[in-house]
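Q: Sharing a sequence plus its predicted fold:
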Amino acid sequence: MTSSIEGSAPNLLQLLADPQRWVLLQELAASDRRVGELTALTGKPQNLVSYHLRALRSAGIVTARRSAADGRDTYYRVDLERCSDVLSHAGRALHPGVRLAPAQPPPADRPRRRRVRVLFICTGNSARSQIAAALLDSLSGHSIEARSAGTHPKALHPNAVRVLAERGIDISGNSTTPVSRYARTRFDQVITLCDKAKEECQGLGDGAVTAHWSMSDPSAAGGSDEATYPSFERTAEEIEVRVRFLIAQLTAASRQEGSTHADR
């Protein structure tokens, strides 16, 4: 993968430099979206949006996943790790001093007005949203307040407990929570992690859900806990990547907000 990126970096940069593709990437960096949503957001016709999505998919920059809420629809997401690799290798190829450095979360003891709050929502609050909240809390050094909830809560899945335990995080004492419990709580980000929850949360009001991560239910295939565990491991790995980029996004926004208040 590394060598292929190094050899094709100029072509990939040219692909990313197209203004319309760049706008699509910006929208997908904010949230997984369907073609119809991208058409509405960009004001471009559907055939043009689909054309650019095909080009980005062919380059491995964008991936697609069939909607769990409506199998006739597809959610697209940008592969931020691949984008990071492309830009990093291109910078190093230009000059050794040109490189990307990952954003670091603010230290836990850093003075601030309040902690950023994030709510993760899935259907059962039994796995995906629990994993996301626990990883965000841990990887941010507890500098971000993470919560999780479900549109139809059910029991915490033992594989969610296990997959986090292997990362040194204990959620065995967690309970599951209905979304309604947080109806009057202000969050900086509200992220749905399954397509059905996204559709159901549309009734929460305009702007309530700030982003969507289209992720398959790791327990959907059925079978024993041991048989489904690899699906939970893959889910945790994908969530961890997304959470690391979310931390960078929230940290940058927090610093910008701090600078704005300091200038007043």
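A: Structure's in. What do you need? Residues are numbered from 1 along each chain as shown.
Q: care to break the protein down by domain?
A: Following the assignment in automatic domain parsing, the chain carries domains at 2-94, 116-258.
Q: CA atoms only for the strand or helix carrying Gln20 - export them in CSV, please.
A: For Gln20, the element it lies in under DSSP states H and E is helix 19-30. C-alpha atoms of helix 19-30 as CSV (Å, rounded to 0.1, in the frame of the first residue of the first chain):
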residue,chain,number,x,y,z
PRO,A,19,-13.0,21.4,-7.0
GLN,A,20,-16.2,19.3,-7.1
ARG,A,21,-14.5,16.2,-5.8
TRP,A,22,-13.0,18.3,-3.0
VAL,A,23,-16.4,19.5,-2.0
LEU,A,24,-17.7,16.0,-1.9
LEU,A,25,-14.7,14.9,0.2
GLN,A,26,-15.4,17.7,2.7
GLU,A,27,-19.0,16.7,3.0
LEU,A,28,-18.0,13.0,3.5
ALA,A,29,-15.4,14.0,6.0
ALA,A,30,-18.1,15.5,8.1
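Q: So what touches it?
A: Defining contact as CB atoms under 8 Å, 6 or more residues apart in numbering, one finds that helix 19-30 is touched by 15-16, 33, 38, 41-42, 44, 48-49, 52-53, 55-56, 61-62, 76-78, 80, 83, 211. Just so you know, the C-beta spots here come from the backbone N, C-alpha and C atoms, and that holds for glycine as well.
Q: Generate a PyMOL selection restricted to the buried subset of the residues you listed.
A: Restricted to buried positions by 16 or more other CB atoms under 10 Å, the PyMOL selection for the contacts of helix 19-30 reads:
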select buried, resi 15+16+33+38+41+42+44+49+52+53+56+61+62+76+77+78+80+83+211
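Q: and among the domains of the chain, the most buried is which?
A: Of all the domains of the chain, domain 116-258 carries the top mean neighbour count, a mean of 19, counting by mean count of other CB atoms under 10 Å.
Q: Contact partners for the nearest residue to Glu238 once chain neighbours are set aside?
A: Nearest residue to Glu238 in three dimensions, chain neighbours excluded: Met215, at 6.7 Å (CB to CB, 6 or more residues apart in numbering). For Met215, the contacting residues are Arg65, Cys122, Arg128, Leu193, Cys194, Thr235, Glu238, Ile239, by CB under 8 Å, 6+ apart.
Q: Adding pLDDT, distance to Thr151 and secondary structure, write those out as JSON lines.
A: Shown next, in JSON lines, are the contacts of Met215 (pLDDT from 0 to 100; distance: CB to CB, whole Å; DSSP: H, G, I helix; E, B strand; the rest coil):
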{"residue": "Arg65", "pLDDT": "94", "distance to Thr151": "20", "secondary structure": "strand"}
{"residue": "Cys122", "pLDDT": "96", "distance to Thr151": "8", "secondary structure": "strand"}
{"residue": "Arg128", "pLDDT": "97", "distance to Thr151": "12", "secondary structure": "helix"}
{"residue": "Leu193", "pLDDT": "96", "distance to Thr151": "11", "secondary structure": "coil"}
{"residue": "Cys194", "pLDDT": "92", "distance to Thr151": "9", "secondary structure": "coil"}
{"residue": "Thr235", "pLDDT": "96", "distance to Thr151": "18", "secondary structure": "helix"}
{"residue": "Glu238", "pLDDT": "96", "distance to Thr151": "21", "secondary structure": "helix"}
{"residue": "Ile239", "pLDDT": "97", "distance to Thr151": "18", "secondary structure": "helix"}
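Q: need the contact list for His52.
A: Asp18, Gln20, Arg21, Leu24.
Q: From Asp217, how far out is the nearest residue to the first one once chain neighbours are set aside?
A: Going back to what we said before, that points to Asp18. Counting by CB to CB, 6+ apart, Asp18 lies nearest to His52, which is 7.3 Å off, once chain neighbours are set aside. Here the criterion is CB to CB, to the nearest Å. By it, His52 lies 30 Å from Asp217.
Q: same question, Pro153
A: Distance of Pro153 to Asp217, computed by CB to CB: 14 Å.
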